[in-house]
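**Student:** Have a look at this prediction, sequence included:
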Amino acid sequence: MKPLFLVLPLLLSGAAFSQSTNWTEVNLALTDAVVIPDYQAFATATADMNQQAKSICTSITPQSLADLQSAFQLTMDKWQAVQHIQFGPITYFNWNYRLQYWPDDNGTGARQLLALIASKDTSVLGSEAFARQSVGVQGLQALEQLLFTEASLGELQTDAYRCRVVQAIAANLDEIAAGVALRWSDEFRTTVATADERGFFESAEDATIDFLKAEVEPIRSLQQQKLEAILGESQVGARVKRAESWRSERSVRNIKINVASLGRFFNEGNPALNTVLPPEDIEGINASFTKVEATLAALPDSITQALETESGYNNLKQAAADLSALFELLEASLKKTDLYLGFNSLDGD
Amino acid sequence: MKMNRRQILGIGAFLLGAPTLIVAKQHKGQAPLLISAASDADDKHWVLGFTLTAIGVTTVFKSVLPQRAHHIAVHEQRGFFVVVARRPGTWLSLGDLETGALFREIHIPADRHLFGHGVFAADGKHFYTTESDFDDIEGDSGRVVAWEVSGEGASANLIRVQEFPSYGVGPHELLLMPDNETLAIANGGIRTHPAHDRDNLNIDTMLPSLVYLNRKDGELLEQQFLPQEFHQASIRHMDVNASGRVIMGMQFEGEPFLEVPLVATHQRGEALQLLLAPPEVQVQMKQYVGSMRYAEDGRHFVASCPVGNLLTFWDSESGVMVSSIRARDGCGVCATETGFVFSTGTGRLAHIELATGLVTDHEEPQLQQLFWDNHLSVAEVGTKS
């Protein structure tokens, strides 16, 4: 996901809460309980998808395509669980953008993919060459475009090059997902464990701020980018094609997984990330998480389907409002601490 | 005061090998006064003056501002400073350099807005701002406005006298060149309009440029454009050394994953030198440079990257980035005898000594809970050290 420059009023005020956190313990507990296992799950799903893709071009049947679509769905599930972590190895080599080029308001990725298919250039499909192609053709959005249209089966059966692009993307995703998981477990965990003024972070607290940003900022992104940008002002004015995974009919499912993952990110590990906030705030924040999840649970996974009814549209609006309320609770709680998430970095001047 | 040593490989060794390059400033027994805008948790906005010495930080003044500001221009001879509103603000606030008291607020015409920067002429008789004629929605709406300076101290005033085209859109920082007659202007290239908040209205057609104007009549002396492939790199912040080499920092409005120069240097009559950091640092700069300042040696410089939480240090002669340190939300920078003071949007105020990499944090109760704005200014008229 492209970083969204949020107008976060993160001018956090003075510290009524006396902080006695062991930052390194929090950082490592979260890394070990959530971050590394979730990246490994993503890598495993992506490797499985790549295995399936390797054999698909010899005989593409409705069943083999359905199997690959299922593998894609599982990969997307696992990606959505870690999508909010936008620091650390995911930022190496533009891995974040190469995994998923979205949002793409101008349809650049789709155009680039069609141009690639029209080129029939096999020299760009090897792993090294493919990694240097436009990010718009390298990742999950491009793969979805190839696998999830009504014409996908026929096009893949009749156009061998198109099928080879599917294989190139799956291999590319596998390489990146494996790389991110490996870098976290083999390198970045140590960076987190040893965070002090001699290393990458300024301090262990500085590292905690990156974890907190991965918790708080995506909640506004979900509200604004994944919901409000699609919903517009009315049901008839909704713009489905702005949604993240409209072709594979899982746009709402993505948000459900995002929220559940943010809840785990907040609460799992011992000590959990929530311990950096005043204890009296945690119950309310978790109740707010539960509220969003309940609103989302009433919705189908497909945003197209959800938008067919007035109640679906209203529920999506409610989910956006719930996310906003959750964000504000977290923001208010942060204001009671000495943790500052940023000011000039959100400035744009 | 907290001290620690960051890894600042490269520049330390370089400077140690050439110690004569560091020219110590003569402060005549006075610690320089540092001035910056800041905001607090209650969304109040301030201008602060303070000194940094071996014994720590001393707040000299703290005055409340009407809105968020950006840069502060200092008129040392006449004892006042000008706080410039952050874009699209429309006010200038004049303050007494000794007390910090804000004694005059000047509003620009309703069909103009400021960009947060201003500069005094060396003769002290004129002041210049960058502005937008925003209703000119098609043309080069950038303006450079000349102001006449009158009075001094708390009776100083600025009279708006002349307006020149900046030969571009969205002019941001402007500098006085060493000849004292030429202004260098960073035309950021981004068209905005107050009716559309701070939105970029021309992302596909941006055309940033570095422009040199005769400050007396606005004559266009030279204009440098970036190569077309980098036309979305908005030129925003600059500094210049005694030999006239301009350094400039850019903010790239295009795709976040493209490798785009964010730092460049320029000498009049020559081509722009576009600079890249090593790939692992370049990607961390997050397409955004927030402030540029030369070191005391007039050769090395810092480019701060608040989005990437980095300060990067460069050699303007070789064009090489020699080192970097992490500084969360670090943006404001100004040179000292031995390195740079830097300020951050998380409320930090620190000094980095270039030869050793020693970082000293300055903590003072009055300055806590303040979030420093993008730019630090310095005046050689501080309190006694």
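**Tutor:** Received it, and whenever you're ready, just let me know what you need.

**Student:** how many other residues sit next to the closest residue to residue A:180 other than its chain neighbours?
**Tutor:** When the adjacent residues along the chain are set aside, residue A:180 lies closest to residue A:89, with 4.8 Å between them (C-beta to C-beta, 6 or more residues apart in numbering or on different chains). Just so you know, the C-beta spots here come from the backbone N, C-alpha and C atoms, and that holds for glycine as well. Residue A:89 has 22 neighbouring residues, counting by other C-beta atoms under 10 Å in any protein chain shown.

**Student:** Residue A:89 and chain B, how far apart?
**Tutor:** With the distance defined as C-beta to the nearest C-beta, to the nearest Å, residue A:89 ends up 12 Å from chain B.

**Student:** My read is that that residue contacts residue A:176, right?
**Tutor:** No: with contact defined as C-beta atoms under 8 Å, residue A:89 does not count as touching residue A:176 (9.9 Å).

**Student:** Touching both of these two, which residues are there?
**Tutor:** Jointly contacting residue A:89 and residue A:176 under the rule C-beta atoms under 8 Å, 6 or more residues apart in numbering or on different chains are residue A:95.

**Student:** how about residue 245, what does it touch?
**Tutor:** Just going to use chain A. Residue A:245 makes contact with A:76, A:144, A:251, A:253-254, according to C-beta under 8 Å, 6+ apart.

**Student:** Please refer instead to chain B.
**Tutor:** Residues near residue B:245 by C-beta under 8 Å, 6+ apart: B:265-267, B:316.

**Student:** Distance of the residue lying closest to it once chain neighbours are set aside relative to residue B:219?
**Tutor:** Here the nearest residue to residue B:245 in space, its sequence neighbours aside, is residue B:267; by C-beta to C-beta, 6+ apart that works out to 5.2 Å. From residue B:267 over to residue B:219 the distance is 20 Å, taken as C-beta to C-beta, to the nearest Å.

**Student:** which of those two has more neighbours?
**Tutor:** Using other C-beta under 10 Å as the criterion, residue B:267 and residue B:219 rank with residue B:267 on top: 14 against 11.

**Student:** Report the secondary structure element holding residue B:239.
**Tutor:** Secondary structure assigned from DSSP states H and E places residue B:239 in strand B:233-240.

**Student:** Residue ranges in the chain under the pLDDT threshold?
**Tutor:** All of this is about chain A. Across chain A, the ranges flagged by pLDDT under 70 are A:1-18, A:343-348.

**Student:** ah, no, chain B please
**Tutor:** Counting by pLDDT under 70, chain B shows low-confidence ranges at B:1-30, B:381-385.

**Student:** Quick one: the helices in it, in order.
**Tutor:** Using DSSP state H, the helices of chain B run over B:11-17, B:279-282.

**Student:** got a list of contacts for the shortest one?
**Tutor:** Spelled out, that is helix B:279-282. By C-beta under 8 Å, 6+ apart, the residues outside helix B:279-282 that reach it are B:259, B:262, B:276, B:310, B:312, B:321, B:324.

**Student:** what's the distance between that helix and the middle of its chain?
**Tutor:** Computed by C-alpha atoms, centre = their mean, to the nearest Å, the chain-centroid distance of helix B:279-282 equals 23 Å.

**Student:** same thing with stretch B:291-306?
**Tutor:** With C-alpha atoms, centre = their mean as the basis, the distance from the averaged C-alpha position of stretch B:291-306 to the chain average is 10 Å.

**Student:** same thing with stretch A:287-301?
**Tutor:** Remark: stretch A:287-301 is offset 18 Å from the chain centroid, using C-alpha atoms, centre = their mean.

**Student:** And for stretch A:102-121?
**Tutor:** The answer for stretch A:102-121 is 21 Å, by C-alpha atoms, centre = their mean.

**Student:** so, in contact with chain B or not, that stretch?
**Tutor:** No: residues of stretch A:102-121 contacting chain B under C-beta under 8 Å from any C-beta of the partner chain: none, with a closest distance of 8.6 Å.

**Student:** measure that stretch end to end?
**Tutor:** Chord length of stretch A:102-121, first to last residue, is 25 Å (C-alpha to C-alpha, to the nearest Å).
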